[in-house]
Structures are given as structure tokens and as C-alpha cells.
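K.L.:
Predicted coordinates and the sequence they were generated for:
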Amino acid sequence: MAKIKSEFTNYMVGIKNNINDNNCFINVCLQTILHFKDLRYILLDDEKFKIFNNSPNIMKQFILILSSYNVISENTPNNNKKIIDPQNFRMAVAEYFKKKGEYQLYSKGDPIELLDNLLKFIHSYMLTGFNKIEYFDEKCNPPCGIHNLFFINISEHLFCNKCNFDNKQNYDSNYFIHLINVSNILEIVNKNKLTFYDFYGKLIHCSKINEIQECYKCKNYSLNKEFICDSLGKFIIINLTWENHFISLETICMISCMITNHFLPQDLFSCDIKGMNYKFLGMILLYTNHYVSIFFEKEKGYILYDDSHIKNFQTWKEVIKEIITNRFIPICIFYENNIRNYSKWNLEEKIYKKLLSYCKKKDKEKKNEKFVNLNDGEWICDQCNQINSPYQINCVKCNFKNSIIELLVQQELRIQNNNSNNFDNNNNKNNINNNNYHNNNNIQNIQSINNNEFWICQFCQSKNFKQKCTMCGRRNNNPKKESNEKKDIISIKYWTCTSCNFAFNSQNNKNCLKCNKIKSI
């Protein structure tokens, strides 16, 4: 490994996702770590650099992928597209988790779990003198860089007002990601009938509101719960957990408007930590098993990273509209400690009501109760409410194009095409002959053998015998129309064997292609 600079350069760099790799969960995880500039300072520090030379391959590739961010951003002209290739790191991750069967090549994974694993790896790696990667649940003394940046030192306190039940449980020393249940927040909003100004930009505050629960001991509804916090790191990672399989657009709109621009620790925990003010850094969003990320970058606004595709937004209002348009589901939010005071996001109630009205209208048109049991990957057209298959780019009913599915279908279809290409030509010929045996009286099989009769879809490269692609839904722009005369000629060109009844022997063949018997006159 060559010596690498650790300076942070503020460039927008995409991450490559080859068509057959399904690496979107890896890419959003890497984009997140790339924006934790303090973590990159630690891993690329010159004093520790020589020690990392002897690290396992997963750590080596992890450090190289971080360093490549600087190399690309410094050496690539501004007018060219800046893209990082994560293939070596992806292979190292798959190799390390091979025994557990997780994060394997060409399969999808959870970016939040991977992020948590990487933070624990780095912690245990530093704790053991840079020679092991294990899940060490030990406190660093003095605290390592990971704990200084991400550790949330909290304890859960349960107490009953009637039976004096009192229990306090400390969280483990590797608690880096805090969970917030979205359903609990929505219940709080509905029960308290909170208005727009009561919940707008207050996701953190609403999550702290404690709903009284049933006591484990006396069975009365008098049990209270609070999170007591003693210290926090520079960054806070909050994982939003969603319980429902189908999430309405109205819910997505409300949660997006509740996301907090900045907050104080006492807004989330029961604590007395002063001098800390956390500012929104970014978030990870999910759509139909595809992950994207949005991060705030100074002087550039909000940047949407969809693998190698990058899109800019100047205001949070534009971000919310993008989330609603594409049905993005926020699943993880990142905050960075900043002592400066920031004003809240500005969104007028009039605009919020318009967005909410639009969402309610779409949800009503789709009749949510009918689509709760959607199959994995299926999507509903926003124009005509038609359910479409995972590979359907254009709606089968109104031909509405889904741009997100267009990106996903490239990955899925290439996997299928690669698998089909692994068979040799001889096997393909045998498969064609076998199909002919079972369809002796089907003249369309004659056309499928003839290379001039099928057409290849320009998008997914699949062969089709109908006017509409069976894989991606695209139509044949140059269909070949067959006249009645041509059909008659085709029927005359083939003869049926009297011995085996094989119906697809050409006039040029004197012997039957199946049983090799001589043609009888």
C-alpha cells in the first residue's frame, strides 16, 4: 500500500454499481463513511498507516476505498464524472462473511447492519493492537477513535408509579446506532392530535414522548420508560424502523416533514449535556429493495447519491418532493455535532397541506388494503394504479415509465442474461430440439428457430417473439409483419416424418432430423 493523503476534499463522487452486482447497499454505506470525515482522518492517519499494512484484506480494501475518494476528486477534472469502483472491497466483504452466508456477491444486504459491523471491526481492531477483527464488547481505556465519534453511552430506565418497580439497564459498550420506531411516533401524533407546527421538524422530540405501558409486576398501566444519557459522540446514527410491509405515501410525507434539521441531546435523551448541538448530515433511503443516500454538503446543498448518479437540491422542500415522488422511505439519519446555531427548515403549512392532499389522493386511488400483500419488488403505477412486475419498466396499462425501476432492472436482467450465457451452444440446440418434440403441430416454433423472425430488445438484450418484450415491457419499434403468402410458404417448406411424426423437417433434408429415417414419398 502506498502512502495516502488524509486531507478531506469536498467533492461529489459517485460509486459504481455494475449491472449484475446489486451493490447499492454497499454504496450507500460507503457514501456514509466518506462523509464521516473525522473517521477518515483516523483511518488514513500517517502514524497508523504502516500498522494498517498488516491488516486483513477486508480492512485493507476498506482503507483503499476511502483513500480513492481523494485520488479521484483531486485528479479528475470537474467536467468529468467522478466515480469510485468498489469491486475489490465488495469481494473482500463477501469473502470475510462467506462462512456466515451474508453479503455474498450478486445478493442484496442491509446497509445499516454493514455499517454497524464496520464500526465494530475498527473498534476491535484498534483494541487488539491492529491484528484482529472480532466483535469485542469491551470499553476502550482511553476511548478509541470510534467510541469518541459514535458511542452513545445510555441506559434504559423503567419505573412504575404504583408498585415502585424500578429497573436500570446499561447498554453495551458498542452501542453505535440508536433505534426509533416510526409506528410509536405516529401513535403519539394521532393520540395527541398534533398539528403541523407541533410536529414539523420534531421527529427527535416526538420520539422522546413516553407512552405509559403495562407494568411487568403489578400489571397496571403505570410503567414509564426513559433513556438516560451520560455522553455522546460527535456523530449520532438513528435507525428508523418501519413495521408495515406496505407504507402509505401519507405516512412517508409526514415522517419526511418531521425529520429534524438540528437538535439538542436533551431532546432525545434524559440528560444534562451542555454545549452540544447536532446538525443534520444525511440519510439513507429505501425504495423497492434499492438504496439511495442524501447528504448535505456546504455550499452545494443536498446531494442525492444513487450509485454513480448524482442530483442536487438547494432546499429541504425540494428534497421532500423528491422523496414523495419516488416513494423513498427514510431508514437511517445521520447527525453531526456542531456548536453553531442553525434555523429550522422552512416549509409553509400551505405547501405541506398541498403535499399531504396529493399523498392522500394517491393512497385513496390505490386502495391500500388491496395491495398490502404485494410480491417482493412489485410496484404500483402512480398514473393508473396498475400493479407491475419487478422487471416492468413501463406500466403495462398506461406505459408510464418508472425511472427507479429502470435502474434496478438493469441489475436483475444482467444476472439472468449471464446465467443463460453460461450454457454452451450445443445445450441451446438440444433445448430447441426438445421444445420441438413437444410442439410438433406449432408452426410458431419454426419462426423461433429462424434467427430472422425474433427481435432483440435494445434495453435488456433479451430475445422476444411477440411485439412486446416479456422481460422489461418495451415494445418493438420495428415489428416485422408477415403476409399470408409468407405463412403459406413456411407451411410448405416443412414435412412430417411418417415414422416418428416429427413435423419440422425441411424440404432440403432427405432424412428426418429426429429419427434419421429417409423421407418417404
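P.N.:
Looks like it came in fine.
K.L.:
Doesn't residue 226 belong to a strand?
P.N.:
Yes: Residue 226: assigned to a strand according to DSSP: H, G, I helix; E, B strand; the rest coil.
K.L.:
Skipping adjacent residues, who's closest to residue 264 in space?
P.N.:
Residue nearest to residue 264 in three dimensions, not counting chain neighbours: residue 277, with 6.1 Å by CB to CB, 6 or more residues apart in numbering. Quick note: C-beta positions are derived from backbone N, CA and C, even for glycine.
K.L.:
any idea how far that neighbour lies from residue 266?
P.N.:
11 Å (CB to CB, to the nearest Å).
K.L.:
so what's the backbone phi/psi at the residue nearest to residue 264?
P.N.:
Note on residue 277: backbone dihedrals following degrees, to the nearest 10 are phi -140, psi 120.
K.L.:
What is the neighbour count of it?
P.N.:
15 (other CB atoms under 10 Å).
K.L.:
you'd agree it is up against residue 262?
P.N.:
Yes: Residue 277 lies in contact with residue 262 (CB atoms under 8 Å); the separation is 6.1 Å.
K.L.:
number of nearby residues for residue 350?
P.N.:
9.
K.L.:
What are the contacting residues of the helix or strand harbouring residue 120?
P.N.:
Residue 120 is part of helix 111-127 when elements are defined by DSSP states H and E. Helix 111-127 is contacted from outside by 25-26, 28-29, 32-33, 43, 55, 58-59, 62, 93, 103, 131-136, 138, 140, 144-147, 150, 174, 176-177, 237, 239, 284, 291, 331-332, using CB atoms under 8 Å, 6 or more residues apart in numbering.
K.L.:
sec struct for the nearest residue to residue 328 once chain neighbours are set aside, please.
P.N.:
With sequence-adjacent residues excluded and distances taken as CB to CB, 6+ apart, residue 328 is closest to residue 285, at 3.9 Å. Of the three states, residue 285 takes strand under three-state DSSP.
K.L.:
Confirm for me that residue 204 is in contact with residue 266.
P.N.:
No: in this structure, residue 204 is not within contact of residue 266 by CB under 8 Å, at 10.2 Å.
K.L.:
Among those two, which residue is more densely surrounded?
P.N.:
Legend: neighbour count by other CB under 10 Å for residue 204 and residue 266, higher for residue 204 (24 against 15).
K.L.:
Tell me if that one really is in a helix.
P.N.:
Yes: counting by three-state DSSP, one finds residue 204 located in a helix.
K.L.:
In terms of pLDDT, where does it sit?
P.N.:
Residue 204 carries a pLDDT value of 88.
K.L.:
How much space separates it from residue 264?
P.N.:
From residue 204 to residue 264 the distance is 9 Å (CB to CB).
K.L.:
what does residue 91 give?
P.N.:
From residue 91 to residue 264 the distance is 43 Å (CB to CB).
K.L.:
what does residue 235 give?
P.N.:
15 Å.
K.L.:
Tell me which of those two has more neighbours.
P.N.:
Legend: neighbour count by other CB under 10 Å for residue 235 and residue 264, higher for residue 235 (22 against 16).
K.L.:
and the more buried one, bridged to which residues?
P.N.:
Counting by DSSP bridges, residue 235 is bridged to residue 336.
K.L.:
For it, give me the pLDDT.
P.N.:
pLDDT at residue 235 comes out at 93.
K.L.:
need the contact list for residue 281.
P.N.:
35, 235, 295, 296, 334, 335, 336.
K.L.:
Which strand or helix spans the third one?
P.N.:
I take that to be residue 295. With DSSP H and E as the test, residue 295 turns up in strand 290-297.
K.L.:
avg pLDDT for that strand?
P.N.:
92.
K.L.:
orientation of it relative to helix 111-127 in degrees?
P.N.:
Here strand 290-297 points in a direction 60 degrees away from that of helix 111-127 (axes from the mean of the first three to the mean of the last three CA atoms, to 10 degrees).
K.L.:
So what touches the helix or strand just after strand 290-297?
P.N.:
As assigned by DSSP H and E, the chain's next helix or strand after strand 290-297 is strand 301-306. For strand 301-306, the external contacting residues (CB under 8 Å, 6+ apart) are 12, 14-15, 27-28, 31, 292-297, 310-316, 318-319, 322, 407.
K.L.:
Make a ChimeraX selection of the buried ones in the residues you listed.
P.N.:
Buried subset of the contacts of strand 301-306, written as a ChimeraX selection, criterion 16 or more other CB atoms under 10 Å:
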select :14,15,27,28,31,292,293,294,295,296,313,316,319,322,407
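K.L.:
Let's see which of the contacts of strand 301-306 end up in strands.
P.N.:
14, 15, 292, 293, 294, 295, 296, 297, 310, 311, 312, 313 (DSSP state E).
K.L.:
now for those, which pair is the farthest apart?
P.N.:
Greatest spatial distance among the ones in strands among the contacts of strand 301-306 (CB to CB): 15 and 313, at 19.2 Å.
K.L.:
Where do the helices of the stretch 101-250 of the chain begin and end?
P.N.:
Taking DSSP state H, counting those that start in this stretch as the test, the helices found in the stretch 101-250 of the chain are 111-127, 145-150, 182-191, 196-199, 203-208, 249-258.
K.L.:
And these: which comes nearest residue 220?
P.N.:
Among the helices of the stretch 101-250 of the chain, if distance is taken as CB to CB, the winner is helix 182-191, at 19.2 Å.
K.L.:
which residues are in contact with that closest one?
P.N.:
Contacts for helix 182-191 (CB under 8 Å, 6+ apart): 194, 199, 203, 206-207, 209, 211, 240-244, 251, 254-255, 258.
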